[in-house]
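In: Provided below are the primary sequence and the corresponding predicted coordinates.
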Amino acid sequence: MDQPLYPARSPALAKHRSELAPEIEAAFKAFNARVFSDGALPRQTKLLIAIAVAHVTQCPYCIRNNVERAIREGSTEQEIMEAIWVAAEMRAGAAYAHSTLAMDTINHVKSQHG
């Protein structure tokens, strides 16, 4: 297999995607613009949140796009890395928190089988 799992972004692929569902793409772009505009949270903070979420969802396109955008908005390397560490903690924290399910199952099995 000589093709990458995630092909590089290209104008040709973007054009084709847009041609397949132009109204939906336009709505998505408008939604994206609104979500990332300044509001109760400044745009730069929203981009750092997006970087963290992109790492949790493991979307390589989202990681690259949001890191590029964050750098253009003035985010520092340290801010970006801290956002990534928040994502790592949340991912690890979720595994730890969900251990409650395993503990509950162990207790349930033990109570049934004495």
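Out: Received the coordinates, thanks.

In: Tell me how far the residue most central in space within the chain lies from Ala92.
Out: With distances taken as C-alpha atoms, centre = their mean, Ala54 lies nearest the centre of the chain, 1.9 Å away. Counting by C-beta to C-beta, to the nearest Å, the gap between Ala54 and Ala92 amounts to 17 Å. (Glycine included, C-beta is placed from N, CA and C.)

In: Where does the residue nearest to the centre of the chain sit, in terms of helix or strand?
Out: Under the criterion of DSSP states H and E, Ala54 resides in helix 43-57.

In: How far does that helix sit from its chain's centre?
Out: Here the centre of helix 43-57 is set off from its chain's centre by 6 Å, with C-alpha atoms, centre = their mean, to the nearest Å.

In: Buried residues in that helix, which are they?
Out: 43-55 (16 or more other C-beta atoms under 10 Å).

In: could you point out which element follows it?
Out: In N-to-C order, the element after helix 43-57 by DSSP H and E is helix 60-72.

In: tell me the average confidence for that following helix?
Out: Mean per-residue pLDDT for helix 60-72: 96.

In: pull the CA atoms of stretch 25-34 into CSV?
Out: The C-alpha trace of stretch 25-34 is given here as CSV (Å, rounded to 0.1, in the frame of the first residue of the first chain):
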residue,chain,number,x,y,z
GLU,A,25,-21.0,23.2,2.2
ALA,A,26,-21.9,26.9,2.2
ALA,A,27,-24.0,26.4,5.4
PHE,A,28,-21.1,24.6,7.0
LYS,A,29,-18.7,27.4,6.1
ALA,A,30,-21.1,30.0,7.5
PHE,A,31,-21.5,27.9,10.7
ASN,A,32,-17.7,27.6,11.0
ALA,A,33,-17.2,31.3,10.6
ARG,A,34,-19.8,32.1,13.2
